[in-house]
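>>> here are the coordinates; sequence isn't available:
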């Protein structure tokens with residue numbers, strides 16, 4: 001796995017944190033943490049998208065965020081477990097993994113001006 005895909009993975013994991021922060025933040029420090037997580041997540045995804053196909057990067061990023069947020073809400077915040085929801089998240093993840101597998105690791109080279 002190259003560094004850019006690591007950035008996508010990390011950005012997706014940080015996305016889970018900030019999405020939960022949007023719902024559960026209740027004081028100024030939690031909101032500051034949420035905003036910081038948004039900034040880190042977007043920085044990582046922007047850096048990865050400079051060198052990888054943007055459509056695939058965005059699909060993987062949002063897939064990780066969606067699956068992780070749903071799982072976190074069920075595990076930590078009492079969201080009811082629904083088998084259909086879990087199965088649909090698995091279908092989403094299968095699509096994301098498929099996109100990653102069919103997208104080569106060809107890294108775009110930056111053009112100097």
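Nice, thanks for sending it over. This structure is a prediction, so every number in the text was calculated from the model and none was measured.

>>> state the number of residues packed around the residue lying closest to residue 67 once chain neighbours are set aside.
Leaving aside its sequence neighbours, residue 67 sits nearest to residue 89 (C-beta to C-beta, 6 or more residues apart in numbering; 5.0 Å). All C-beta atoms are positioned from the backbone trio N, CA, C, and that covers glycine. Look at residue 89: counted by other C-beta atoms under 10 Å, it has 17 neighbours.

>>> I figured residue 89 hits residue 66, correct?
Yes. Here residue 89 reaches residue 66: they are 7.0 Å apart, a contact under C-beta atoms under 8 Å.

>>> quick one: the helices in the protein?
Assigned by DSSP state H, the helices in the chain fall at 3-24, 28-49, 54-76, 83-102.

>>> could you dump these to a markdown table with mean pLDDT?
Formatted as a markdown table, the entries for the helices of the chain read as follows, by pLDDT from 0 to 100:
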| stretch | mean pLDDT |
| --- | --- |
| helix 3-24 | 94 |
| helix 28-49 | 96 |
| helix 54-76 | 90 |
| helix 83-102 | 87 |
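
>>> hmm, back to that, residue 57 versus the residue nearest to residue 67, what's the distance?
Shown here: residue 89 relative to residue 57, a distance of 20 Å by C-beta to C-beta, to the nearest Å.

>>> and what of residue 30?
Distance from residue 30 to residue 57, by C-beta to C-beta: 28 Å.

>>> who has more neighbours out of the two?
With neighbours defined as other C-beta under 10 Å, residue 30 and residue 57 compare such that residue 57 has more, 24 against 12.

>>> run through the residues that contact the closest residue to residue 59 other than its chain neighbours.
Of all residues beyond its chain neighbours, the one nearest residue 59 is residue 99 (5.3 Å), with distances taken as C-beta to C-beta, 6+ apart. Residues in contact with residue 99 (C-beta atoms under 8 Å, 6 or more residues apart in numbering) are 56, 59, 60.
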